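S.K.: attaching a predicted model along with its sequence, questions to come.
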Amino acid sequence: MVYGTNVMAGKSTRGRTTKADSPDGEYVLEEAIGFVLRQANQRHATIFSALIGDGLTPTQWAALCKLAQMESCTQNLLGRLTAMDAPTIKGVVERLSQRGFVTTQPDPDHGRRMLVMPTAEGKAAYRRNVAKAWAVTEETLRPLSAADRKRLCGLLKRLV
């Protein structure tokens, strides 16, 4: 990856993060926040898939992690807590259920809602992978100092 150089035009672009920073109006993909965030996410996803066990995807891990903490919740709430839309969380819950990690049942307080609960195997998968999840975080942030890690996480939280 080349930072600070527009390889196609051969121009230096270091620091051009907003339109105001680019007096000629040139949009440099390598400096665009969406592009850089996607690259960071791809790096993180690669580390995640190399370290997390049980064949869990990042979305499955997020749901399993939240359920291990809450014991049960509605599928709708689980989606909100893990930043997944309704179709995504429905698919995640179905896949976790097929693998025996969660069970579902109708919510007795609201017939159209589903309650999702971790099974004993789901709780065991969570426990097996907690240290690995911390290792994913550590490896993802390894290039940064402790102060930069804290600052980056704080800045990203402000964006969401």
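M.R.: In hand now; what should we look at?
S.K.: list the contacts of stretch 83-101.
M.R.: 55, 57, 59-60, 62-64, 75-76, 78-79, 82, 102-104, 114, 116, 118-119, 121-122, 125, 160 (C-beta atoms under 8 Å, 6 or more residues apart in numbering). Backbone N, C-alpha and C define where each C-beta goes, glycine included.
S.K.: ditto for stretch 114-128
M.R.: So stretch 114-128 is in contact with 53-54, 56, 63-65, 67-68, 71-75, 78, 93, 96, 100-107, going by C-beta under 8 Å, 6+ apart.
S.K.: just how off-centre is stretch 99-109 within its chain?
M.R.: Distance, stretch centre to chain centre, for stretch 99-109: 24 Å (C-alpha atoms, centre = their mean, to the nearest Å).
S.K.: got it, and stretch 99-119?
M.R.: 23 Å.
S.K.: now it: mean pLDDT?
M.R.: Stretch 99-119 carries an average pLDDT of 92.
S.K.: just the buried ones from the contacts of stretch 114-128?
M.R.: Among the contacts of stretch 114-128, the ones that count as buried by 16 or more other C-beta atoms under 10 Å are 54, 56, 63-65, 67-68, 72-75, 78, 93, 96, 101-102, 104, 107.
S.K.: so which of those are in helices?
M.R.: 63, 64, 65, 67, 68, 75, 78, 93, 96 (DSSP state H).
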